[in-house]
Every structure is written in structure tokens, then in C-alpha cells.
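S.K.: Whatever this is, show me its structure:
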Amino acid sequence: QVQLVESGGGLVQAGGSLRLSCVASGRTLSHYAMGWFRQAPGKEREFVGTISRDGDSTLYEDSVKGRFTISRDNAKNTVILQMNSLKVEDTAVYYCAAGPRLGYYWWRDQSEYAYWGQGTQVTVSS
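M.R.: Predicted structure coming up:
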């Protein structure tokens, strides 16, 4: 079992930055690819990006590419989502998730992630 807790959300003006953290307990995160997803009001939850178990590979949704960066520190059981140049449309609840499978083909598939955090609200004002 893995418990995930996100933090770092808040209110920021468009063009600003936020740094979200996801801290795990229960099992080392090095066993999992770690994904970030978000859900805006009235919309389905969507893929933001994922980082491989060793941190060497990442995949991002096109809308956040070049603005968001995912990193991880397995020794600290922590995954970071650095969000720069935020836009109003980035407003959402952000979730981190742990996926145990090997490979990369499944990273966008939410059903492949076994553990989820409770989410943290990010609000970007104009």
C-alpha cells in the first residue's frame, strides 16, 4: 500500500508559478512511475504528465509542455510538479498517482495507476 499526499496548491495570478509536492508513505516510490492528473470544474480528470521510476524519462500533455516540469527524489519519496507561466485554464484540482507497471505505453491511462492522492486545488486568476 502507498499513501500519497499532495501539497502546494493555492491561488496565483496568471503568469505566476506554483510548486506542487507529492509525498508518499508506506512503500518506496522507486517502485512506481508517478503521474500527475488534474480535474477542472465540470470536466473529466485529465493527464498532465508522468515521470519514470528512475526519473530519466518524462511525458507531458501538449498543453503543459514547456511550462510544467516533473521531477522526483526517490530517497525522499517525493515527486514535484513545477508549474510556470500558469494560465487561467490550468485551474483545477491536481492529483498525483502511482503506477506499478513497467514500460511507457500506459502512462496516459488513469486506470493503470494503483494509488492516488486526495488532490490539491490550484486556482489561477486573470
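
S.K.: in which helix or strand would I find the residue nearest the centre of the chain?
M.R.: Taking C-alpha atoms, centre = their mean, the centroid of the chain lies closest to Trp36, which sits 2.2 Å from it. According to DSSP states H and E, Trp36 maps onto strand 33-39.

S.K.: what's the answer for Thr69, then?
M.R.: In this structure, Thr69 sits in strand 68-73 according to DSSP H and E.

S.K.: Please spell out which residues along stretch 116-125 are buried.
M.R.: Residues Trp116, Gly117, Gly119, Thr120, Val122, Val124 are the ones in stretch 116-125 that count as buried (16 or more other C-beta atoms under 10 Å). (Each C-beta comes from the backbone N, C-alpha and C, glycine too.)

S.K.: follow-up on the earlier one: contact partners for the spatially closest residue to the residue nearest to the centre of the chain that is not a sequence neighbour?
M.R.: Residue nearest to Trp36 in three dimensions, not counting chain neighbours: Val48, with 4.1 Å by C-beta to C-beta, 6 or more residues apart in numbering. Contacts for Val48 were tallied using C-beta atoms under 8 Å, 6 or more residues apart in numbering; they are Gly35, Trp36, Phe37, Arg38, Tyr60, Glu61, Val64, Phe68, Leu81, Tyr94.

S.K.: quick revisit: now do the residue nearest to the centre of the chain against Ser85, distance only.
M.R.: According to C-beta to C-beta, to the nearest Å, Trp36 and Ser85 sit 16 Å apart.

S.K.: again with Ala92
M.R.: 16 Å.

S.K.: Same question for Asp73.
M.R.: The gap separating Asp73 from Ser85 is 24 Å, by C-beta to C-beta.
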